[in-house]
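Asker: Coordinates for the following, if possible.
(chains A and B)
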Amino acid sequence: MSAAALPETAAVRWRPRVDARDLARRGRVWTLITAAHTVPFLSAAGVLFALEPLSAPVGLMALAHAWAIPELYAKRGAHVVAPRPRAGDAPERTALGLLGDLVGHEARELHARTGLVLERGRLGVWLVAEAGALLVRPGGRRVDCWCVHVEDGSLPSGDRIAHLLLALRTDEQGFATVANLAFSGARGRVRRRLRPAMRPALDAAGRAARAL
Amino acid sequence: MDRRADGTAAERTIEHMARLIRMDRTGHSTLAEWTAADAASVEAAVAAFREQLDAGYYAVVSEGEGRARQVDELPLDADLVILRRPIAGG
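Answerer: Numbers count the residues shown, from 1 in each chain, chains lettered A, B, ... in the order given. Got it, this is the predicted structure:
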C-alpha cells in the first residue's frame, strides 16, 4: 500500500492514526467488554442453580443473556458487509467491469461468488464490501469489522466497493483511521453471523491471514 | 490486428490513449482521453481533471494489486486516472 496520507483523515484529526499496536489494544478492549457482559450473567446463573434448584428458569434466562449479548455484537459486526440496494443493471455491469480491472483473477472470482473483495494489507487481510470492510488480523483468529462508505448513495455496488478499495490501497492506516470500528472478536463469531454466501470469503481471508 | 480486403494483416497506427474516468451513477464516465503527443488532448484532460478536483473528487492512479497513488496533478504518463468521491466512517 502507498505511504501518502488519505485526505479524508483531515476530517477526523482527533483520531490517532491506527496501527497494529492500536488494533491490538482495541481488540483487548472488545474482549473485556464481552467478558463484562458475559461473566455477571454466568455467575448469577451459577449462584441460582447452586442455591435454589427451583430458580433454574431464571438461571436459564441469565445463561441466555450471557449468550445473546455477545452474539448481538457479532451480528452488528457482520452487518457492515451486508449488501445494499442495487442500481440499474447497466450501471452495475459497467461498475463491475471497472472493479474487475482493479483486482486480480482470484479476487475477481471470489467477489463473483461472495460479493466481497479480498485485499492483502500490512494490518491483515481485508474483505471489502459496499459500505464496510472486515479485517482479518495476522494469524487469522480475530476479525475487526469496520463501517466505512462512500458519500454518494446513487453509485452502483461495484463502484462503492472500488471507492473503498482505492482508498484502502492509497493509505491502509488512514483508511482504518477514517472508518468506525463496529466490532472486534473471534473470526468464528463473525462467521456465524455472516450470510452463508459470504462465508467462503472469510474462510479465504482467514487462510491468507494465517500466512502473514 | 485488422485484415485488408486481400487478407493480409494491417497494423494499427492509432496511438494508445490514456483515460480520465469518474465513478458515478452510470458506473463510470470517461471525461477525457489523451496522448502525450497531442497537446490539445492533454490540455483538455488537464482542464477536466482540475474541474473535477475543484468539485470535490479525488484522483487515484491504480498501480496494480495492492497499490494506488493519490495525485493532485494529472499524471500524463498514467494509462488510467480514476476520480472518486470522499469516504467516511459510519
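
Asker: only C-alpha atoms for contact and neighbour calcs from this point on.
Answerer: Will do.

Asker: What separates the first and last residues of stretch A:123-138, distance-wise?
Answerer: Across stretch A:123-138, the straight-line distance between its terminal residues is 7 Å, by C-alpha to C-alpha, to the nearest Å.

Asker: That one close to chain B?
Answerer: No - using C-alpha under 8 Å from any C-alpha of the partner chain as the criterion, no contacts between stretch A:123-138 and chain B are found, and the smallest distance is 8.5 Å.

Asker: Give the buried residues for that stretch.
Answerer: Going by neighbour count (16 or more other C-alpha atoms under 10 Å in any protein chain shown), the buried part of stretch A:123-138 is A:123-138.

Asker: Stretch B:45-53 too?
Answerer: Of the residues in stretch B:45-53, those scored as buried under the neighbour-count criterion (16+ other C-alpha under 10 Å) are B:Ala45, B:Val46, B:Ala48, B:Phe49, B:Gln52, B:Leu53.

Asker: Tell me how far that stretch lies from the chain's centre.
Answerer: Centroid separation for stretch B:45-53 versus its chain: 11 Å, with C-alpha atoms, centre = their mean, to the nearest Å.

Asker: likewise stretch A:143-163?
Answerer: In this view, stretch A:143-163 has its centroid 13 Å away from the chain centroid, taken as C-alpha atoms, centre = their mean.

Asker: got the CA positions of it in PDB?
Answerer: Presented in PDB, the C-alpha positions along stretch A:143-163 are these (Å, rounded to 0.1, in the frame of the first residue of the first chain):
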ATOM      1  CA  VAL A 143     -11.700 -10.100  12.800                       C
ATOM      2  CA  ASP A 144     -12.200  -6.300  13.000                       C
ATOM      3  CA  CYS A 145     -15.400  -5.000  11.500                       C
ATOM      4  CA  TRP A 146     -15.300  -1.500  10.000                       C
ATOM      5  CA  CYS A 147     -18.200   0.800   9.000                       C
ATOM      6  CA  VAL A 148     -17.000   3.000   6.100                       C
ATOM      7  CA  HIS A 149     -18.800   4.200   3.000                       C
ATOM      8  CA  VAL A 150     -18.500   6.500   0.000                       C
ATOM      9  CA  GLU A 151     -20.600   9.600   0.400                       C
ATOM     10  CA  ASP A 152     -22.800   9.100  -2.700                       C
ATOM     11  CA  GLY A 153     -25.700   6.700  -2.300                       C
ATOM     12  CA  SER A 154     -26.500   6.700  -6.100                       C
ATOM     13  CA  LEU A 155     -23.400   4.700  -7.000                       C
ATOM     14  CA  PRO A 156     -23.700   1.100  -8.200                       C
ATOM     15  CA  SER A 157     -22.400  -1.500  -5.800                       C
ATOM     16  CA  GLY A 158     -19.200  -2.200  -7.800                       C
ATOM     17  CA  ASP A 159     -18.300   1.500  -7.700                       C
ATOM     18  CA  ARG A 160     -18.900   1.600  -3.900                       C
ATOM     19  CA  ILE A 161     -16.500  -1.200  -3.400                       C
ATOM     20  CA  ALA A 162     -14.000   0.300  -5.900                       C
ATOM     21  CA  HIS A 163     -14.100   3.600  -3.900                       C
END
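
Asker: Can you point out the buried residues in it?
Answerer: Counting neighbours by 16+ other C-alpha under 10 Å, the buried set in stretch A:143-163 is A:143-150, A:155-163.

Asker: can you tell me which of those residues are in strands?
Answerer: When DSSP state E is applied, the buried residues of stretch A:143-163 are split such that A:Val143, A:Asp144, A:Cys145, A:Trp146, A:Cys147, A:Val148, A:His149, A:Val150 fall in strands.

Asker: still on that earlier bit, the buried residues of stretch A:143-163: which ones sit near chain B?
Answerer: Contacts with chain B are made by A:Cys147, A:Val148, A:His149, A:Val150, A:Leu155, A:Pro156, A:Gly158, A:Asp159, A:His163 out of these, judged by C-alpha under 8 Å from any C-alpha.

Asker: center of chain A - which residue?
Answerer: The C-alpha lying nearest the average C-alpha coordinate of chain A belongs to A:Cys145 (C-alpha atoms, centre = their mean; 2.3 Å).

Asker: That residue reaches A:Lys75, doesn't it?
Answerer: No - look at A:Cys145 against A:Lys75 with C-alpha atoms under 8 Å: they stay out of range, at 10.3 Å.

Asker: is it true that A:Val148 touches A:Ala182?
Answerer: No - in terms of C-alpha under 8 Å, A:Val148 does not count as a neighbour of A:Ala182; the distance is 10.0 Å.
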